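Colleague: here is a sequence together with a model predicted from it:
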Amino acid sequence: MISDPRAFLQTLFHEAVKAADPYEALVRHLPDPPKGRTIVVGAGKAASQMAAAFERAWSHPFEGLVVARHGPIAECRSTKILQAAHPVPDRAGLIAAEALMNHLHGLTCDDLVIALISGGGSALLPAPPTGFTLTDESALNEALLASGAPISGMNVVRKHFSRIKGGRLAALAHPAKVVSLVVSDVPGDNPAFVASGPTVPDSSDAEEALRVIRDYRIDLPARVIDCIRNTRAPSAGDRVFANNEVHVIASARVSLEAAADRARSLCVQPLILSDSIEGEAKDIGRMHAALAREFLTRPPAPKPLVLLSGGETTVSIGTGTYGKGGRNSELLLSAAIDLQGVDGVVAMAADTDGIDGSEDNAGAFCDGGTVARIRSAGGDARAFLAGHDAWSAFNLAGDLFVPGPTGTNVNDFRAFLVE
């Protein structure tokens, strides 16, 4: 038996985060210095940490500018760090996006651009098409977040309503070579989907973006639809990308394998379900609870056992009011309801960037007594789930997980310990 299941689960979480450490991941993929200038750009939740890691690893002159989210950031000596809002864009992001694009003007074929890209960059780099405003892009982003569309679908739409996403930032750097170093937070680790791929050419077209809007019934103004219909993102065959390189330097798969190795060292058998699970958070929570109950009662199953998974779920909030909480907290509250009264299962779900939704928690813990603790504190777990208010539920139960910002982001981490 594990004497402290929550401590064990936290150990696995921190091992997963450590495997995505920006410095260790970045140093293995740095290019040789160029004849001309080195320009560093970046955006995402891990932007400042990646920039600090770059400064440690790069011993040549460079000019750096990155965009991080509001809040604590890593200290950099030479790189200018701008901050903007996430997940809904703000005016600071609009100014930062313009600064990033201006940072790439006037480059030559002797110059090198190193792009430090991580999840969250879509919201941090609003750059609406000509004739549109920040209000238009913010409204689009809010509609996408409420739609329940997968992150890949959201980013297809975003790339067709932007002057910076879908490879356009890299196109501005031509004829300089662009080397993109990407910390992936998307299922499947396609770098074109991370931060809506500002430096990676797009493989989608306007029809695919319109199909996402139609399939998920996203209500958008006609002029936005017309803009998306008539927009062409740069493709991989465009000459501006001919000499560029793209490297995914950290991902959910690597992090899950590191957590699995740590579990084995503690005499717990790991089983990685998948690193790319998508779907409605509450449904994926029920699926994990069902698997945990199955392994709990299956005679041949080795115990203790920990089920590990990653990916990015979604929360369809529809219209009306809703409470506090992110997708990991909602997933786990759904699992907690299905696990109430079950002995032998302790679980956590958390965002590897350390922030789940709009509050200060990365996620939460649950076990067979979570629902009872919520009830004892005067709450109703099912009502909280229906109101998308998982933070309040776990706050009542004392089950929030608050490690603080981690400085990296390889998406969701879930661990269900079965004893």
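Modeller: Received, thanks.
Colleague: am I right that residue 89 falls within a strand?
Modeller: No: the assignment for residue 89 is coil, going by DSSP: H, G, I helix; E, B strand; the rest coil, so no strand is present there.
Colleague: just checking, it touches residue 141?
Modeller: Yes: applying Cβ atoms under 8 Å, one finds residue 89 in contact with residue 141, separated by 6.0 Å. To be clear about C-beta, it is placed using only N, CA and C from the backbone, and glycine gets the same treatment.
Colleague: joint contacts of these two?
Modeller: By Cβ atoms under 8 Å, 6 or more residues apart in numbering, residue 89 and residue 141 have these common neighbours: 123, 126.
Colleague: settle it for me: which of these two has more neighbours?
Modeller: Neighbour tally, residue 89 and residue 141, criterion other Cβ atoms under 10 Å: the higher count belongs to residue 89, 26 against 21.
Colleague: wait, a strand at residue 330?
Modeller: No: using three-state DSSP, the secondary structure at residue 330 is helix, not a strand.
Colleague: mind checking pLDDT for it?
Modeller: Per-residue confidence for residue 330 comes out at a pLDDT of 96.
Colleague: what does residue 189 give?
Modeller: We note a pLDDT of 86 for residue 189 in this prediction.
Colleague: again with the one 10 residues further on
Modeller: Model confidence at residue 199, expressed as pLDDT, equals 96.
Colleague: ok but it is inside a helix, no?
Modeller: No: residue assignment for residue 199, taken from three-state DSSP, gives coil, which places it outside any helix.
Colleague: list phi and psi for it.
Modeller: Taking degrees, to the nearest 10, you get phi -120, psi 10 for the backbone angles of residue 199.
Colleague: what about residue 116, helix or strand, and which?
Modeller: Per DSSP states H and E, residue 116 falls inside strand 112-118.
Colleague: walk me through which strands that strand pairs with, and which way each runs.
Modeller: Applying DSSP bridges, strand 112-118 is found paired with strand 38-43 (parallel), strand 177-183 (parallel).
Colleague: the first one: how far from the chain's middle?
Modeller: Right, strand 38-43. Average the C-alpha atoms of strand 38-43, do the same for its chain, and the two points are 20 Å apart (Cα atoms, centre = their mean, to the nearest Å).
Colleague: neighbours of residue 91, how many?
Modeller: Using other Cβ under 10 Å as the criterion, the residues surrounding residue 91 number 12.
Colleague: now do the same contact list for the residue lying closest to it once chain neighbours are set aside.
Modeller: Distances taken as Cβ to Cβ, 6 or more residues apart in numbering place residue 134 nearest to residue 91, at 6.2 Å, with adjacent residues excluded. Listed by Cβ under 8 Å, 6+ apart, the contact set of residue 134 reads 89-91, 94, 126, 128.
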